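Colleague: Need a 3D model of the following:
(one chain, ligands or ions: 1)
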Amino acid sequence: MRSPIHSRYFLTLLLFLCGSHASATTVRAHVSDASGAPLPDAAVALYAPTPTNFPDVANAVMDQRDKQFDPHVLVVRKNTSVRFPNKDDIRHQVYSFSPAKRFELRLYHGQLANPIVFDTAGEVALGCNIHDKMIGYIYVVDTPWFAKSDSQGSALIANVPAGTYSARLWYPGVMPTAAGLEQSVKVAASGEVTLNFQVGAPATPTATKPESELQQLFRRPSKNAP
Ligand SMILES: [Cu+2]
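Modeller: I've put the predicted structure just below:
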């Protein structure tokens with residue numbers, strides 16, 4: 001009798017072989033700001049009308065180092081479990097009030113905090129209750145085909161199966177509905193496809209640290225308010 005483990009290995013190998021022949025297309029996106037300069041930390045995600053054979057979701061890590069989130073932007077797939085190790089000698093209290101994931105980790109340092117599962121697609125702005133300047137983002141996508149732009153504004157998505165996709169761009173603080181941030185892309189069975197995105201909004205992130213509940217309670221009305 002063939003053991004279930006052998007069957008699984010066989011299936012994995014078969015998928016791998018099929019995949020390496022049928023889906024060798026790379027999608028390369030170039031992301032620039034309003035002035036045409038390369039824009040790092042933007043997420044590019046490809047959505048297929050009929051999703052197929054998604055691989056398993058991998059875990060991810062959002063470090064805290066030198067009172068900053070590292071990386072500044074983390075792009076993960078829906079249902080990814082993210083750990084928040086604190087590499088500093090001081091304690092942090094990480095939280096988010098974003099609709100895609102509201103959570104708060106108790107004051108801690110080291111590896112103690114439990115991982116958080118990001119189960120809703122969208123932007124999650126991170127803050128620290130102790131250090132106002134700590135701002136980071138987790139962007140959750142509901143597709144296995146995504147990448148984050150590097151310092152050259154280049155985002156490389158490998159092994160994309162042939163088909164027609166909707167390519168969507170996200171950048172901290174830029175509304176996902178902004179014009180030009182979604183485009184259709186046809187992916188052939190092999191070769192490379194190039195996409196260009198230009199973010200028309202300000203080149204620097206406009207998102208600010210989310211207000212804490214305490215701040216919301218004591219927020220004073222503006223002097224110019226009627
Ligand atoms: Cu902190």
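
Colleague: Break down the chain into its helices, ranges please.
Modeller: 4-22, 213-218 (DSSP state H).

Colleague: Which of those helices comes out lowest on mean pLDDT?
Modeller: When these are ranked by mean pLDDT, helix 4-22 comes last with a mean of 43.

Colleague: Would you point out which residue is most central in the chain?
Modeller: V75 (1.8 Å; CA atoms, centre = their mean).

Colleague: so who does that one touch?
Modeller: With contacts defined as CB atoms under 8 Å, 6 or more residues apart in numbering, V75 is in contact with A43, A45, I138, Y139, V141, F146, A147, K148. C-beta here means a position set from N, CA and C on the backbone, and glycine is covered the same way.

Colleague: and what of L169?
Modeller: A29, V31, A42, A43, V44, L181, E182, F197, V199.

Colleague: In strands, which of these fall?
Modeller: If you go by DSSP state E, the contacts of L169 have A29, V31, A43, V44, E182, F197 in strands.

Colleague: Farthest-apart pair in the contacts of V75, please.
Modeller: For these, the maximum inter-member distance is 15.2 Å, found between I138 and A147 (CB to CB).

Colleague: Which one's more surrounded, the two?
Modeller: Taking other CB atoms under 10 Å, I138 and A147 do not tie; I138 has more neighbours (25 against 19).

Colleague: For that one, give its distance to the ion.
Modeller: 16 Å (CB to the ion, to the nearest Å).
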